[in-house]
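Student: Pasted the sequence and its predicted model underneath.
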Amino acid sequence: DNSTFRICCIGAGYVGGPTCAIIASKCPKIKVTVVDVSADRIAAWNSDHLPLFEPGLEEIIRKIRNRNLFFSTDTKKAIQEADLIFISVNTPTKSYGFGNGRAPDLRYVEEAARQIAHTATNNKIIVEKSTVPVNAAESIKTILKTNKQPGVNYQVLSNPEFLAEGSAIHDLLAPDRVLIGGDETIEGLSAIKKLSWIYEHWVPKERILTTNTWSSELSKLVANAFLAQRISSINTISAICEATGASVSEVSKAVGLDSRIGSKFLNASIGFGGSCFQKDVYNLIYLAESLKLEPVAQYWLQVIKINDWQRERFAHMIVQNLFGSVNGKKLAIYGFAFKKDTADTRESSSIYVCRYLLAEGASLHIYDPKVSVERIFLDLSEQTGKTETDLRYHVQIANDAYEAAKDSHALVICTEWDEFKLLDYPLIYSTMKKPSFIFDGRLILDHDQLISLGFNVFCIGQKPPINKYLNQSPR
Ligand code: NAD
Ligand code: UDX
């Protein structure tokens with residue numbers, strides 16, 4: 001009887017929350033409980049101020065919360081009741097000991113598996129939703145097997161998540177594919193069927209792909225590594241463009257029209273951010289190193305090195321063009337999130353650009369439509385090693401883009417928020433120091449229009465206009 005099917009999800013983060021919201025909304029007969037060790041996070045999920053911003057999420061949560069979607073700190077009860085348990089906890093890069101800076105830290109996954117084993121008194125399907133290294137399912141199985149209550153059996157599946165932040169709801173509703181890896185035994189196949197049945201409530205069957213567990217685990221790392229690699233590839237080309245007069249947008253378009261290459265993920269930028277790409281590329285590098293495949297590790301390491309270089313290059317471009325010094329100069333930083341439509345700043349390139357500029361003595365006025373003041377200071381403190389009190393001498397947070405721009409020497413576009421395209425640039429120009437500069441790290445503005453207003457425009461992937469210092473006088 002499927003009418004009483006129950007799901008527990010351990011981890012109420014960027015993946016667990018939205019994923020379970022979609023499952024619960026598409027499967028009204030399934031009871032879904034999302035649990036977390038953080039009581040604050042659960043309280044936020046149960047309040048009017050969700051712990052994360054994701055377009056379309058709030059409307060869904062409001063409709064189904066406490067109907068068949070529940071957020072709770074009672075992990076034991078949720079595990080006990082569940083037929084199927086998602087492990088959706090964080091898997092950060094290790095920051096200590098062996099594999100420091102490379103290896104994924106699996107302690108939260110292990111902790112979740114131990115909690116399940118100690119609590120569960122009937123059979124369960126365990127689904128690893130977190131991004132994990134190849135073979136993690138085996139470790140989970142071992143922990144479950146050696147700690148389980150008598151008579152309890154587990155099936156462990158791999159079901160990586162491919163959603164991107166800012167478009168999570170869309171990605172969950174219409175995924176390119178759902179990937180399920182499991183054992184090729186009768187019990188394994190039956191568990192795969194059960195998980196597939198959940199997705200079949202809204203995902204066409206032909207988009208549900210089943211593989212063995214290792215392939216599934218590895219595919220997730222490879223998908224993220226390929227995406228990150230495309231960005232680093234186009235970013236290397238952006239440097240060539242700046243030096244030669246080619247335009248990286250034109251090159252991306254021309255190259256992307258080849259159907260074998262495709263047009264997506266070819267936007268040059270100040271480097272990729274987010275909690276996943278760097279971590280998962282390191283995950284792959286660590287795997288290759290562990291397998292003694294040094295050339296493979298070196299190949300993927302370049303993706304990260306280019307990303308770091310791109311961030312530094314952009315900051316250098318700013319300093320160089322502001323007559324070699326930004327010391328004491330006010331700069332308006334537009335955007336702190338790692339991409340638009342999210343308040344998430346994990347590994348945001350904006351943080352690194354700010355760090356470089358602060359080291360040069362700049363005074364930053366930061367504006368982001370979604371990121372909180374506390375978050376910005378936390379991130380900058382972590383990156384610079386300075387306290388908030390010290391940082392406040394050089395960093396101010398503006399309430400809007402106009403306030404940030406007033407009396408500044410330059411606007412620095414770090415995040416591609418749509419609202420930055422719609423600002424009143426003639427007004428902004430009139431309030432800035434002269435000559436006024438714009439550094440467009442996301443290639444989102446109308447550069448010809450800005451130049452005609454009098455701005456000196458510099459961007460990633462394009463040679464700056466030759467007459468840059470001719471139009472510097474106030475209009
Ligand atoms: P997150 O940090 O937002 O959420 C993880 C949550 O798990 C936290 O709230 C934490 O308190 C909780 N947690 C940790 N251990 C727990 C335990 N033992 N019991 C209960 N709760 C526990 O992380 P996230 O961004 O949701 O990522 C989760 C996983 O999904 C990671 O492996 C990540 O690589 C992967 N992933 C993330 C994205 C993304 O866009 N963020 C996309 C695809 C895959
Ligand atoms: C990524 C993957 O896309 C997703 O499938 C996976 O599940 C999690 O990791 P996410 O990090 O949320 O998702 O966002 P994504 O849209 O991939 O952007 C990552 C970073 O790359 C952002 O900083 C973005 O601005 C940057 N980016 C993206 C570029 O610089 N250029 C591009 O062409 C695309």
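Tutor: Received the coordinates, thanks. Ligands and ions are numbered 1, 2, ... in the order given.
Student: Contacts only, for residue 144.
Tutor: Contact analysis of residue 144 by CB atoms under 8 Å, 6 or more residues apart in numbering lists 113, 116, 117, 126, 154, 156. For glycine as for every other residue, the C-beta is placed from the backbone atoms N, C-alpha and C.
Student: In a helix, it, correct?
Tutor: Yes. Counting by DSSP: H, G, I helix; E, B strand; the rest coil, residue 144 is part of a helix.
Student: Please report the distance of it from ligand 2.
Tutor: Shown here: residue 144 relative to ligand 2, a distance of 26 Å by CB to the nearest ligand atom, to the nearest Å.
Student: From ligand 1, how far off is that residue?
Tutor: 14 Å.
Student: same deal with residue 71?
Tutor: From residue 71 to ligand 1 the distance is 11 Å (CB to the nearest ligand atom).
Student: Can you name the residue of this protein nearest to ligand 1?
Tutor: residue 13 (1.9 Å; CB to the nearest ligand atom).
Student: Report how many residues lie close to residue 394.
Tutor: By other CB atoms under 10 Å, the residues close to residue 394 number 18.
Student: next one: residue 353
Tutor: Taking other CB under 10 Å as the definition, residue 353 ends up with a neighbour count of 26.
Student: Might one say that it is in contact with residue 315?
Tutor: Yes. Counting by CB atoms under 8 Å, residue 353 does reach residue 315; the two are 5.1 Å apart.
Student: Flag every residue of this protein that's near ligand 1.
Tutor: 10-16, 35-38, 41, 75, 88-91, 108, 111-112, 115, 130-131, 161, 163, 165, 275-276 (CB under 6 Å from any ligand atom).
Student: Just the buried residues from those, in ChimeraX please.
Tutor: Command for ChimeraX that selects the buried part of the residues of the chain next to ligand 1, burial taken from 16 or more other CB atoms under 10 Å:
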select :10,11,12,13,14,15,16,35,36,37,41,75,88,89,90,91,108,112,115,130,131,161,163,165,275,276
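Student: Out of the residues of the chain next to ligand 1, which are close to ligand 2?
Tutor: 161, 163, 165, 276.
Student: Widest-spaced pair of those?
Tutor: 161 and 165 (11.2 Å; CB to CB).
Student: Residue of the stretch 351-475 of the chain nearest ligand 2, please.
Tutor: Residue of the stretch 351-475 of the chain nearest ligand 2, by CB to the nearest ligand atom: residue 416 (6.7 Å).
Student: Can you tell me the element the spatially closest residue to that residue that is not a sequence neighbour falls in?
Tutor: Closest residue in space to residue 416, ignoring its immediate chain neighbours: residue 442 at 4.1 Å, by CB to CB, 6 or more residues apart in numbering. Using DSSP states H and E, no element contains residue 442; it sits outside every helix and strand.
Student: Against residue 441, how distant is the nearest residue to residue 437 once chain neighbours are set aside?
Tutor: Closest residue to residue 437 apart from its sequence neighbours, by CB to CB, 6+ apart: residue 410 at 3.8 Å. Separation of residue 410 from residue 441 (CB to CB, to the nearest Å) stands at 12 Å.
Student: neighbour count winner among those two?
Tutor: Shown here are residue 410 and residue 441; by other CB under 10 Å, residue 441 has more neighbours (29 against 26).
Student: What score does the closest residue in space to that one that isn't next to it in sequence have for pLDDT?
Tutor: When the adjacent residues along the chain are set aside, residue 441 lies closest to residue 270, with 3.8 Å between them (CB to CB, 6+ apart). You'll see residue 270 listed with a pLDDT of 98.
Student: Quick one: residues contacting residue 270.
Tutor: Contacts of residue 270 by CB under 8 Å, 6+ apart are 310, 311, 314, 349, 350, 353, 414, 441, 442, 460.
Student: now do 6 Å
Tutor: Neighbour list for residue 270: 311, 314, 349, 441 [criterion: CB atoms under 6 Å, 6 or more residues apart in numbering].
Student: Kindly indicate which of those lies nearest ligand 2.
Tutor: residue 349 (6.4 Å).
Student: So the closest one sits against residue 271, correct?
Tutor: Yes. Contact status for residue 349 versus residue 271: in contact at 4.4 Å, counting by CB atoms under 6 Å.
Student: Looking at those two, which has the bigger crowd around it?
Tutor: Legend: neighbour count by other CB under 10 Å for residue 349 and residue 271, higher for residue 271 (30 against 27).
Student: residues in contact with the more buried one?
Tutor: Taking CB under 6 Å, 6+ apart, one finds 307, 310, 311, 349 in contact with residue 271.
Student: Okay, helices next: where are they in the stretch 301-450 of the chain?
Tutor: For the stretch 301-450 of the chain, applying DSSP state H, counting those that start in this stretch gives helices covering 349-359, 373-384, 388-391, 401-405, 425-431, 447-453.
Student: should've said the stretch 151-300 of the chain
Tutor: Here the stretch 151-300 of the chain has its helices, by DSSP H, counting those that start in this stretch, at 168-173, 186-199, 213-244, 248-256, 277-290, 294-321.
Student: now the shortest one: mean pLDDT?
Tutor: Right, the one you point to is helix 168-173. Mean pLDDT, helix 168-173: 98.
Student: Pull out the buried positions in it.
Tutor: 168, 169, 171, 172.
Student: how deep is residue 407 tucked in, by neighbour count?
Tutor: 10.
Student: Just the pLDDT for it.
Tutor: pLDDT for residue 407: 98.
Student: Just the CA trace of stretch 185-204, in CSV.
Tutor: Taking Å, rounded to 0.1, in the frame of the first residue of the first chain, the C-alpha atoms of stretch 185-204 are listed here in CSV:
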residue,chain,number,x,y,z
THR,A,185,20.8,-7.9,-7.2
ILE,A,186,17.1,-8.7,-6.8
GLU,A,187,16.9,-6.5,-3.7
GLY,A,188,19.0,-3.8,-5.3
LEU,A,189,16.8,-3.7,-8.4
SER,A,190,13.7,-3.6,-6.3
ALA,A,191,15.0,-0.6,-4.3
ILE,A,192,15.9,1.2,-7.6
LYS,A,193,12.4,0.6,-8.7
LYS,A,194,10.9,2.1,-5.6
LEU,A,195,13.0,5.3,-5.9
SER,A,196,12.3,5.5,-9.6
TRP,A,197,8.5,5.2,-8.8
ILE,A,198,8.8,8.4,-6.7
TYR,A,199,10.4,10.4,-9.5
GLU,A,200,7.9,8.9,-12.1
HIS,A,201,5.2,11.0,-10.4
TRP,A,202,6.5,13.9,-12.5
VAL,A,203,9.6,12.9,-14.5
PRO,A,204,9.2,11.0,-17.8
